[in-house]
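Trainee: 3D model of this:
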Amino acid sequence: MKSYLRRLAVLIATISIFAGTTFCASTALAQEAAAPAAATAAPAAGAPAAAGAEGTEKKTDTFWDVIINSGVIGILIWILLFGSSAAALGLIIDGFITVRQNKIMPPALIESIRTALSDGDLGAALQACEAQPGPLSNILMAGFNNVSEGFDVIMDSVSTAAGIESEKLMQRVNYLNLCGAIAPMLGLMGTVTGMVDAFAGLASAQGAEKAQMLAMAISQALYTTAVGLLVSVPAIIGFTFIRNNASKIILNMESLTYDLVKVLRGAEVVEDEESDDEE
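Mentor: Okay, the predicted model is just below:
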């Protein structure tokens, strides 16, 4: 129960950080993007103050204006950033739901197999595994299906199946690490392409307009890096926690599997003694 509450608390905290930082960035960065324009857009000599205020108000860009005005490559990068953000959030939720010891190693399955093996009923143990498919069931069935080949073959089969199931489990977790690694790189790519467009646009600007245009373009270009980092930090936190939890579950599953399968060594000895008596 304590482990479940701890995972739930970390999940809520991660989602809160993820949602809160993204929301705050989308509003705060939008205001900062408009700050250079407001600072440099002074009213012309002899112009009314109201006209200057209107000019400043017109230059205020929202977060969505920054995305739309970022060009074709910029929009594509924003789509990838939003996609990696949604994927990271989905993988975090999926990891906390699926990477649980009670789900990977159901207590009812363990109890059924222990009872069946203690009674010497291998068929009942196989039926219990087939009734509750999963990583533990797949590993045990690999050993049960080779019981006639000897205990060494059983252990080899169990080891191979355990490696396969462990790799399947860790592959799902590693996708979250990919999201955490690729998000800041996408943000950096957006910043680089935005800077290229910014300096290219200076050729058509004149006088004080150059400084204003450059400041606005740079602030817009840095948006992608900021959002990429905001996606990466919760993804890496979630990946670290889920990976450590998965590693602990894998070790417990391997230990439990060997503890259950060692009973088959006695079954092999009994069969040998029966064959000797028949001879």
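
Trainee: secondary structure element holding L188?
Mentor: helix 151-201 (DSSP states H and E).

Trainee: poorly predicted segments of the stretch 51-200 of the chain, please.
Mentor: Within the stretch 51-200 of the chain, the stretches with pLDDT under 70 are 51-61, 63.

Trainee: tell me what the helix holding L188 is packed against?
Mentor: Counting by 3 or more C-beta pairs under 8 Å, 6 or more residues apart in numbering; DSSP states H and E, the packing neighbours recorded for helix 151-201 are helix 71-98, helix 135-144, helix 208-261, helix 263-278. For glycine as for every other residue, the C-beta is placed from the backbone atoms N, C-alpha and C.

Trainee: give me the residues contacting the first helix or strand past the first one going along the chain.
Mentor: Think helix 71-98. Where DSSP H and E defines the elements, the next helix or strand beyond helix 71-98 is helix 101-104. Identification of contacts with helix 101-104 by C-beta atoms under 8 Å, 6 or more residues apart in numbering yields S3, G134, P135, L136, L169, I249, N252, M253.

Trainee: buried sites along helix 101-104?
Mentor: Using 16 or more other C-beta atoms under 10 Å as the test for burial, helix 101-104 gives I104.

Trainee: how close does V231 sit to G190?
Mentor: 12 Å (C-beta to C-beta, to the nearest Å).

Trainee: and the helices and strands packed on helix 151-201, which is most packed in?
Mentor: With neighbours taken as mean count of other C-beta atoms under 10 Å, the helices and strands packed on helix 151-201 reach their highest mean count in helix 135-144, at a mean of 22.

Trainee: now the angle between helix 151-201 and that one, please.
Mentor: 140 degrees (axes from the mean of the first three to the mean of the last three C-alpha atoms, to 10 degrees).

Trainee: name the helices or strands packed onto helix 135-144?
Mentor: Counting by 3+ C-beta pairs under 8 Å, 6+ apart, helix 135-144 packs on helix 107-118, helix 122-131, helix 151-201, helix 208-261.

Trainee: okay, those in JSON lines with distance to D94 next?
Mentor: Compiled in JSON lines, the helices and strands packed on helix 135-144 are given as follows (distance: least, C-beta to C-beta, whole Å):
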{"stretch": "helix 107-118", "distance to D94": "22"}
{"stretch": "helix 122-131", "distance to D94": "25"}
{"stretch": "helix 151-201", "distance to D94": "7"}
{"stretch": "helix 208-261", "distance to D94": "9"}
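
Trainee: spatially central residue in this protein, please.
Mentor: Nearest residue to the geometric centre of the chain (C-alpha atoms, centre = their mean): L176, 2.3 Å.

Trainee: re the thing from before, switch the helices and strands packed on helix 151-201 over to TSV; also include distance to Q127.
Mentor: Formatted as TSV, those follow (distance: least, C-beta to C-beta, whole Å):
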stretch	distance to Q127
helix 71-98	25
helix 135-144	10
helix 208-261	15
helix 263-278	17
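
Trainee: minimum distance to D65: which of the ones you listed has it?
Mentor: Closest of the helices and strands packed on helix 151-201 to D65 is helix 208-261, at 9.0 Å (criterion: C-beta to C-beta).

Trainee: hang on, the earlier thing: which among the contacts of helix 101-104 gets closest to I92?
Mentor: L169 (15.6 Å).

Trainee: give me the number of residues near the closest one?
Mentor: By the measure other C-beta atoms under 10 Å, the count of residues near L169 is 19.

Trainee: for it, which non-adjacent residue is closest in space?
Mentor: A246 (5.6 Å; C-beta to C-beta, 6 or more residues apart in numbering).

Trainee: isn't that neighbour right up against R100?
Mentor: No: the criterion here is C-beta atoms under 8 Å, and A246 misses it with R100 at 9.9 Å.

Trainee: tell me how far the nearest residue to M195 once chain neighbours are set aside lies from L76.
Mentor: Counting by C-beta to C-beta, 6+ apart, A221 is the residue found nearest to M195 once chain neighbours are left out, at 5.2 Å. Per C-beta to C-beta, A221 is found 15 Å from L76.
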